[in-house]
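Trainee: Got a sequence here, can you build the structure:
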Amino acid sequence: MKKKILFLEQQSWLSGAQRVLESVLDATAREYDAIVAFPGEGEFSRKLADRKIQTFTYPLGFYQTGRKSRAEMLEFAERSLLCALKLVTVIRRQNVGLVYINGPRCMLAGVLAARITGRPALLHLHLTLVRQPEILLVANLARYVSAIVSCSQAAAASLLTANRSLAGKTHILYNPLVGCGCVSSDAPVSQLPGGDSSAVTLGVVGRITKPKGQMVLLNALARLSAQNKARVRVVFVGAPSPENGDDLAYDQRLKECVTQFGLEATIEWAGYQTAVDPFYRAMDLLIQPSLSDSGESMPLSVLEALLHGVPVIASWTGGVPEIIHHGSNGLLVPPGDEVALARALEHFLQDTSLRARLCTGARSSIDDRFSLESFKSRIRGLIWKLCTAQQSGSPEAIREESAA
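Mentor: Numbers count the residues shown, from 1 in each chain. Here you go, the predicted structure:
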């Protein structure tokens with residue numbers, strides 16, 4: 001009989017962390033049966049259910065992004081306790097061998113349930129913690145997990161600065177890229193339907209939410225010279241979270257600003273897309289204008305753009321500087337600085353030698369750190385060690401590639 005892993009999800013729709021979790025599920029499917037807990041019904045939960053993966057809901061609830069009031073923090077603690085009690089029942093009834101916590105929002109519930117049942121827990125950290133209360137909470141809870149997987153050095157550092165003793169069980173596994181290395185340097189560029197083949201296509205890929213900084217980009221576009229403004233075409237690929245009122249209001253403000261700035265002919269809204277490759281192939285440049293409090297770690301959109309030979313202009317935040325090297329495969333600007341972003345865009349549009357150099361650098365940026373097979377092998381090995389240690393009752397820490 002296969003061993004079972006309980007995966008705890010903090011959202012029910014598809015985003016970067018959920019796509020990485022799909023790779024974990026694929027990597028462990030042969031040796032382990034997965035049970036995935038979701039805070040509610042959504043696209044991702046339905047997708048896994050269609051794959052015949054066992055899913056259920058637990059009362060984690062949905063929370064708005066940004067700072068939390070004391071009432072919201074109290075509600076979070078109460079919900080986490082209720083979740084932990086439900087998870088304890090599932091762990092015991094299903095004889096779960098490992099609790100896999102896919103994000104800090106479900107960490108309190110996961111750690112409590114794992115401690116009560118005596119199971120090992122693994123935290124997969126997909127973001128850089130930036131708010132002090134969250135850093136302290138996660139750093140303290142992390143003392144009780146058996147291993148931490150971080151998708152970047154920056155994400156790991158946000159924990160290790162609060163508790164250096166966590167270094168011994170922290171492992172850096174960069175987000176994997178499906179098809180890493182399969183795009184040749186002379187891959188054809190296909191224009192999107194209705195597009196102007198003479199325009200310079202700028203792409204923005206990701207959730208429509210304030211921390212992603214789409215408003216900063218609109219303000220920067222408004223600052224471009226009339227000549228450059230006429231040359232560009234900007235495609236936003238993504239949508240607001242359907243459960244998040246702040247996202248929906250932000251999306252509306254963005255579209256109002258497009259009209260206010262006279263950018264209707266420049267901006268295209270592609271909405272949520274399950275297949276993004278055609279958009280990358282049509283791009284000349286990806287823009288990642290995330291704010292300093294976005295918690296950005298190692299955005300899949302940045303990695304995917306580089307995989308397609310597309311250079312990136314990005315905010316200098318989180319783990320982005322670990323892959324984007326200024327003047328080599330992209331340009332880095334201070335987060336939230338629309339003037340600096342506009343200046344970088346002008347530079348990219350006017351300097352053809354810079355564009356050629358950045359494109360060449362982009363094509364050579366993706367290496368074995370982002371290999372899907374390497375990721376699967378390492379995550380399988382780590383999970384096997386955790387489950388084996390739990391079976392044998394060994395208290396030894398699981399060490400592989402330390403972030404120290």
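
Trainee: which stretches of the stretch 251-400 of the chain form helices?
Mentor: Per DSSP state H, counting those that start in this stretch, the stretch 251-400 of the chain carries helices over the ranges 277-282, 300-307, 338-350, 352-363, 372-392.

Trainee: and of those, who's closest to residue 109?
Mentor: helix 372-392 (18.8 Å; Cβ to Cβ). For the C-beta atoms, the positions are set from N, CA and C on the backbone; glycine is no exception.

Trainee: Tell me the helices and strands packed up against that closest one.
Mentor: Packing partners of helix 372-392 (3 or more Cβ pairs under 8 Å, 6 or more residues apart in numbering; DSSP states H and E): helix 16-28, strand 96-102, strand 121-125, strand 147-150.

Trainee: I'd like to know how many residues surround the nearest residue to residue 318 once chain neighbours are set aside.
Mentor: Leaving aside its chain neighbours, residue 318 sits nearest to residue 296 (3.6 Å; criterion: Cβ to Cβ, 6 or more residues apart in numbering). By the measure other Cβ atoms under 10 Å, the count of residues near residue 296 is 28.

Trainee: repeat for residue 361
Mentor: Residue 361 has 18 nearby residues by other Cβ under 10 Å.

Trainee: Repeat that for residue 333.
Mentor: 25.

Trainee: Mind splitting this protein into its structural domains?
Mentor: 3-176+371-392, 200-363 (automatic domain parsing).

Trainee: Measure how far stretch 368-382 is from the centre of its chain, please.
Mentor: Chain-centre distance of stretch 368-382: 17 Å, with Cα atoms, centre = their mean, to the nearest Å.

Trainee: Kindly report the same for stretch 70-81.
Mentor: 25 Å.

Trainee: and if you look at stretch 366-379?
Mentor: 16 Å.

Trainee: That stretch: which residues count as buried?
Mentor: For stretch 366-379, the buried set under the neighbour-count rule, 16 or more other Cβ atoms under 10 Å, comprises 366, 369-372, 375-376, 378-379.

Trainee: Export the helices and strands packed on helix 372-392 as TSV, with columns for mean neighbour count, mean pLDDT and distance to residue 384.
Mentor: Output for these, formatted as TSV (neighbours: other Cβ atoms under 10 Å; pLDDT from 0 to 100; distance: least, Cβ to Cβ, whole Å):
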stretch	mean neighbour count	mean pLDDT	distance to residue 384
helix 16-28	20	95	9
strand 96-102	26	97	10
strand 121-125	26	98	12
strand 147-150	26	97	12
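
Trainee: Out of these, flag the one nearest residue 206.
Mentor: Taking those one by one with Cβ to Cβ, helix 16-28 is closest: 8.1 Å.

Trainee: packing partners for that closest one?
Mentor: Partner elements for helix 16-28 (3+ Cβ pairs under 8 Å, 6+ apart): strand 3-9, strand 32-38, strand 96-102, strand 121-125, helix 300-307, helix 372-392.

Trainee: And the lengthiest helix in the chain, what does it pack against?
Mentor: Counting residues, the longest helix found in the chain (DSSP state H) is helix 70-94. Where contact means 3+ Cβ pairs under 8 Å, 6+ apart, helix 70-94 is packed against strand 3-9, strand 32-38, strand 96-102, helix 107-117.

Trainee: Pick the most buried one from these.
Mentor: Greatest average neighbour count among the helices and strands packed on helix 70-94 goes to strand 96-102 (a mean of 26), per mean count of other Cβ atoms under 10 Å.

Trainee: Tell me which of the helices of the stretch 251-400 of the chain sits most buried.
Mentor: helix 300-307 (a mean of 24).

Trainee: May I have it as PDB, with CA atoms only?
Mentor: Taking Å, rounded to 0.1, in the frame of the first residue of the first chain, the C-alpha atoms of helix 300-307 are listed here in PDB:
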ATOM      1  CA  LEU A 300       7.600  31.900 -12.900                       C
ATOM      2  CA  SER A 301       6.700  34.600 -15.400                       C
ATOM      3  CA  VAL A 302      10.300  35.900 -15.300                       C
ATOM      4  CA  LEU A 303      11.700  32.400 -15.700                       C
ATOM      5  CA  GLU A 304       9.300  31.500 -18.500                       C
ATOM      6  CA  ALA A 305      10.100  34.700 -20.400                       C
ATOM      7  CA  LEU A 306      13.800  34.000 -20.200                       C
ATOM      8  CA  LEU A 307      13.200  30.500 -21.400                       C
END
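
Trainee: got the helices and strands packed on helix 372-392 as JSON lines, with distance to residue 387 columns?
Mentor: Converted to JSON lines, those look like this (distance: least, Cβ to Cβ, whole Å):
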{"stretch": "helix 16-28", "distance to residue 387": "10"}
{"stretch": "strand 96-102", "distance to residue 387": "5"}
{"stretch": "strand 121-125", "distance to residue 387": "10"}
{"stretch": "strand 147-150", "distance to residue 387": "11"}
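
Trainee: quick one: which of those is nearest residue 251?
Mentor: helix 16-28 (18.8 Å).

Trainee: what's the closest non-adjacent residue to residue 57?
Mentor: Closest to residue 57 by Cβ to Cβ, 6+ apart is residue 38, at 5.5 Å.

Trainee: follow-up on the earlier one: phi first, then psi, for the residue nearest to residue 318.
Mentor: For residue 296, the backbone dihedrals (degrees, to the nearest 10) come out as phi -60, psi 140.

Trainee: In this structure it contacts residue 321, no?
Mentor: No - Residue 296 lies out of contact with residue 321 (Cβ atoms under 8 Å); the separation is 10.6 Å.

Trainee: any low-confidence regions in the protein?
Mentor: By pLDDT under 70, the low-scoring segments of the chain are 63-68, 179-197, 390-404.

Trainee: one step back: so can I have JSON lines of the helices and strands packed on helix 16-28 showing distance to residue 277?
Mentor: Shown next, in JSON lines, are those (distance: least, Cβ to Cβ, whole Å):
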{"stretch": "strand 3-9", "distance to residue 277": "25"}
{"stretch": "strand 32-38", "distance to residue 277": "26"}
{"stretch": "strand 96-102", "distance to residue 277": "25"}
{"stretch": "strand 121-125", "distance to residue 277": "25"}
{"stretch": "helix 300-307", "distance to residue 277": "8"}
{"stretch": "helix 372-392", "distance to residue 277": "15"}
